[in-house]
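Q: Curious how this folds, go ahead:
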Amino acid sequence: MKKIASLNIIIITMLAVVGYAAYCLLLKDNFLNTSISSIFVKSNHLELKQHLLVLGFIPIYIAMVIFGSAILGLYFGSMVQRYLVRYSKKLFSYKNCCLRKRLSI
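A: Sure thing, here's the model as predicted:
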């Protein structure tokens, strides 16, 4: 049971990292101009219909960034988890091999 819980911590950690990256993309101004405030600034110069269209698509944009980052976090977390499981199996079999050699001598 402890092994399953420790491996799920990897996925939770990756979700936290990617969630923070999504937070930075949405709320902090950066060189990518993907924050909500930069979208508002750019949409202020548009006509009324285009401005309302941009405002209508902002919730969709926010949902795409949040759920997309969650999917990426799950994907990267499962990749790291799979790598660690393979590495631990190889390490365990190597330790058993060395132990058998010591016992046979």
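Q: State the distance from His45 to His51.
A: For His45, the distance to His51 equals 9 Å [CB to CB, to the nearest Å]. The C-beta positions use only the backbone N, C-alpha and C, and glycine is treated the same way.
Q: Neighbour count for these two, which is higher?
A: His51 (14 against 8; other CB atoms under 10 Å).
Q: Gly73 and Leu15 touch, don't they?
A: Yes: between Gly73 and Leu15 there is a contact under CB atoms under 8 Å: 4.0 Å.
Q: Of those two, give the one with the bigger neighbour count.
A: Legend: neighbour count by other CB under 10 Å for Gly73 and Leu15, higher for Gly73 (21 against 17).
Q: Quickly find the element holding the more buried one.
A: helix 48-104 (DSSP states H and E).
Q: Tell me the confidence at Ala5?
A: Note on Ala5: pLDDT of 57.
Q: re the thing from before, now for the helix holding Gly73, which elements pack on it?
A: Here helix 48-104 touches helix 2-27, helix 36-43, going by 3 or more CB pairs under 8 Å, 6 or more residues apart in numbering; DSSP states H and E.
Q: chain center to the first one: distance?
A: This means helix 2-27. Its chain's average C-alpha position is 6 Å from that of helix 2-27, according to CA atoms, centre = their mean, to the nearest Å.
Q: got the angle between that helix and helix 36-43?
A: Interaxial angle of helix 2-27 relative to helix 36-43 (axes from the mean of the first three to the mean of the last three CA atoms, to 10 degrees): 30 degrees.
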